[in-house]
Structures are given as structure tokens and as C-alpha cells.
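Peer 1: Build the 3D model from these lines:
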Amino acid sequence: MDIAWGNDSELSESEFYNRVEDINIITSLITANPNSTPTLLLTGIRGVGKTALMKNIKNKLMKEYLVIYMDISKSDAYQEKRLDRISFMQVLYDSIIDSCKEKGLKTIDKTLKKMIKTNDIHIADIANYEYISLPIITTEKNYSKFANFVMKLPQNIYRQHAKEIKGIIIFIDEFQILRNLENIDSFLWFLRSNIQENKNVTYILSGSMSLKDEFIEKIAGNEGAFGGRMLTLEIRTFSYETTKKYMQEKAPELKFTENGLKQFYKCTRGIPAYINIFANILPQNERLDENNIKYEFKRKVSLLATHNINLWSRLTLQEQKIITSLLEKPLIRKEIAEKLKVTTGSISKPLVKLKNMMMIEQNGKEYNIYDEIFKLWLKKYKEENKVYPYREI
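Peer 2: Residues are numbered from 1 along each chain as shown. Here you go, the predicted model:
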């Protein structure tokens, strides 16, 4: 089989499948007018393949462009729970510098020194990273100048290297993480005001968000910071026909009956990460009918739900009980509070946290568990153990 494991984002050309239309749209928007670049927001549920898509585009364009890829979730600041505006700018700065180094733009240190002097940035120290000068910012007073410096840096790099590169593309992945920053509204407006001044720099933001997510409104809604100036593209799940062709081309060892394949699609819901995981753990060269698929799915559901199980283990008892209260049907806040025997006010913050983690979603006034596979895992665990895994998994 030529199928990647799960949500692996480092895919070879043979492993990368479909998304031709998405790739063509995005690359056309980037390359259409180098002096009037777009700002894009890629949305879609977790596991749909946004990161793999961005890295595929990055690989296609990196010869002619300076391409900068930044994953907020992989930064030390986020992992150590100290992400703020300053650390975000430092991560962006580091990403720019690393990409310049990879591209071989060795005169970038002269640009930086000139910009630091021009912007009158009083920094604590200059750390030398090979041939590059790295400003170290330590106070809030310096933040404003440093932030403006970083946001202007890509355009200045382009001006110096316009003969070597067609433009600059900046991918910022897991952008939804920023929703928890203090004063996020003003920060988004700050980003917008600076980004629109960069004429040769394309920004592509991506995050695991459904179109119902309130954060999308803050970013690209009519009243949002980028409203009217940002194109939003939803990366969708695979259709049944796409899944069928994918299995036929990449996994001919899986001998689905027609009903077996339909059940496979129903179980995975067309989410590429789930399709890949489930396909990799199914028995090969055996008849896979509807009943076989149901049996294998129930037996292996914990593997498909691994990400959410890990998130579950970090929740408080109250947050876990909010989720289990939603297993049978969607509930409004008052009904959840009644089930937990607490006040509605006491579950306000937990509800927001669970929504931000994409463990629950809100439709109107009702809350529901976001991921059906995780819901099935919880039900299976209760069925087998007579209790939910509140204390340990």
C-alpha cells in the first residue's frame, strides 16, 4: 500500500492524493499578480489535510519564492504555555531568519542591522546566529518597535533580493491557537494593518476550525479585522467517490465489497487522517464486507481517536463530565448545568475551552461533541468498563 500513516503531513508526491483543485486555486492566487498579493485563510476540521496541502504548495514554489513556514503549535512558547504577542513575534522572526538561511540569502544580516538602527530598537543584546544578527527583546516597551520591525522585515527582504526571488510566501499554521492571546482583537487589527502594506508578501493562515467557529468571524467576518480583505477557503473532506478512487489506486490490497467500502466511508467520514489510519490497520487480501468493517472499526476505534483521547486526559473532571453529558444528544447550557448539578455560570469558561480545543461545537444554543469517532470511543469504553475514564485511560 502507498498510504501515509494517519495525519502525517510530510507526504511524498506518491502519497499526496487529490487536492488538485485546491492547489491550483491557491497557487494561482499567489502567482497571479506579484505586486498585489492576497491574504488567505485555510479552514477545515482537524485531520482534513491542511498542513500537508500547505507543505505541498511550499515544495512546489520554494525554488522561485522565499517560502516561510511557521507552526505555532510546535513553538517552545506554546509548548511551555507562555505564548503571548512578544513570543509570537519572536517565533515569526526566527522562522523568517531560518528560511533566509535555507535560501542562501547571506546578505540578510546587513538588512537587519540597518533596520534595527532605523527603527531605533533598543534591544537587550544581539545574539549572533552564524552570519545573522538576532535581536533579543526583553521588555514590553520594546515590543511595539520590535513587532513593527518584524512585520516590515519580509517586504524589506524582498526589496533587497527582488532579482533572486519572485516574492515571499508566509504560511502560519495552527493560527486558531492565537484566539487565547490577551487583547486578541487589537492584535488581529495590528496584523491586518501591517500585512496590507506588504505588496510582495503573501500570508496564508491556517487553522483547525469549522466555518461555524466564532474566531473566523473575528478574523475574516464582515466586522472582523480582515473583513473584506481576506479570502477564506474551506478544505473539505473527501467525497465517497474520491475515497473509492483513493483506495483503488493506493490500497488495492484491501478487498472491499461495495457495502464494505460504503461502511468504511461512513466510519471515517471522508477525513483523510482517519481514512489513512483505518486503511493501514485493516487486514489485507481478505474480503471486507459491511460486517467486517463494523467489527474492525469497533475493535480499533481507540487508534482512530488517539488525538482526542490525549486531549481528554488533560481535561479537568468537570470538563470531562460536560463531554459525557452530551453523548446522547445536544444540550443547551442550562441542561448541561442541570446534569452536572452546578450553576450555568460555573461552566462558562469550561465550555469556551472545550470549543477552542474542538472537543465540542455550538450550533445556536445547543452544544454537541465535535468528533463522532471520539464519541463512539467513549460509549465503547463505558460499555466495556461500566464507567467513563474520568481518572485514567
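
Peer 1: can I see the domain layout of this structure?
Peer 2: 20-103+152-234, 240-304, 315-380 (automatic domain parsing).

Peer 1: now the first one: how far from the chain's centre is it?
Peer 2: It stands for domain 20-103+152-234. 11 Å (Cα atoms, centre = their mean, to the nearest Å).

Peer 1: longest helix in this protein, by residue count?
Peer 2: The longest helix of the chain (DSSP state H) is helix 140-160.

Peer 1: and the closest residue in space to Arg287 that isn't next to it in sequence, what does it touch?
Peer 2: Nearest-residue entry for Arg287: Lys255, 5.6 Å, with adjacent residues in sequence omitted and distances by Cβ to Cβ, 6 or more residues apart in numbering. (Glycine included, C-beta is placed from N, CA and C.) Applying Cβ atoms under 8 Å, 6 or more residues apart in numbering, we find Lys255 in contact with 285-288.

Peer 1: returning to what we had before: list every C-alpha atom in the longest helix of the chain, with coordinates, as PDB.
Peer 2: Output of helix 140-160 as PDB, limited to C-alpha atoms (Å, rounded to 0.1, in the frame of the first residue of the first chain):
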ATOM      1  CA  GLU A 140       7.000  45.500  26.700                       C
ATOM      2  CA  LYS A 141       8.400  48.900  25.900                       C
ATOM      3  CA  ASN A 142      10.400  47.500  23.100                       C
ATOM      4  CA  TYR A 143       7.600  45.200  21.900                       C
ATOM      5  CA  SER A 144       5.900  47.700  19.700                       C
ATOM      6  CA  LYS A 145       9.000  48.700  17.800                       C
ATOM      7  CA  PHE A 146      10.100  45.000  17.500                       C
ATOM      8  CA  ALA A 147       6.700  43.900  16.300                       C
ATOM      9  CA  ASN A 148       6.700  46.600  13.600                       C
ATOM     10  CA  PHE A 149      10.200  45.700  12.700                       C
ATOM     11  CA  VAL A 150       9.300  42.000  12.200                       C
ATOM     12  CA  MET A 151       6.200  42.800  10.200                       C
ATOM     13  CA  LYS A 152       8.100  45.100   7.800                       C
ATOM     14  CA  LEU A 153      11.100  42.700   7.500                       C
ATOM     15  CA  PRO A 154       9.700  40.400   4.700                       C
ATOM     16  CA  GLN A 155       9.000  43.300   2.400                       C
ATOM     17  CA  ASN A 156      12.400  44.700   3.100                       C
ATOM     18  CA  ILE A 157      14.000  41.300   2.300                       C
ATOM     19  CA  TYR A 158      12.100  41.200  -1.000                       C
ATOM     20  CA  ARG A 159      13.300  44.700  -1.900                       C
ATOM     21  CA  GLN A 160      16.900  43.600  -1.400                       C
END
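
Peer 1: I'd like the numbering to begin with 762 instead of 1 from here.
Peer 2: Sounds good: first residue 762 from here, last item helix 901-921.

Peer 1: packing partners for that helix?
Peer 2: The helices and strands touching helix 901-921, judged by 3 or more Cβ pairs under 8 Å, 6 or more residues apart in numbering; DSSP states H and E, are strand 827-832, helix 846-864, helix 869-879, strand 929-934, helix 945-956, strand 962-967.

Peer 1: returning to what we had before: which among the contacts of Lys1016 count as buried?
Peer 2: Leu1049 (16 or more other Cβ atoms under 10 Å).

Peer 1: and stretch 1122-1134, average pLDDT?
Peer 2: Stretch 1122-1134 carries an average pLDDT of 91.

Peer 1: same check, this time on stretch 947-957
Peer 2: 93.

Peer 1: cool, stretch 1074-1094 as well?
Peer 2: Rounded mean pLDDT across stretch 1074-1094 is 96.

Peer 1: what comes up buried for the helix or strand hosting Glu1144?
Peer 2: Secondary structure from DSSP states H and E places Glu1144 in helix 1133-1146. For helix 1133-1146, the neighbour count (16+ other Cβ under 10 Å) marks 1134-1139, 1142 as buried.

Peer 1: by contact count, what packs against that helix?
Peer 2: helix 1051-1065, helix 1067-1074.

Peer 1: tell me the angle the shortest one makes with helix 1133-1146.
Peer 2: This points to helix 1067-1074. 60 degrees (axes from the mean of the first three to the mean of the last three Cα atoms, to 10 degrees).
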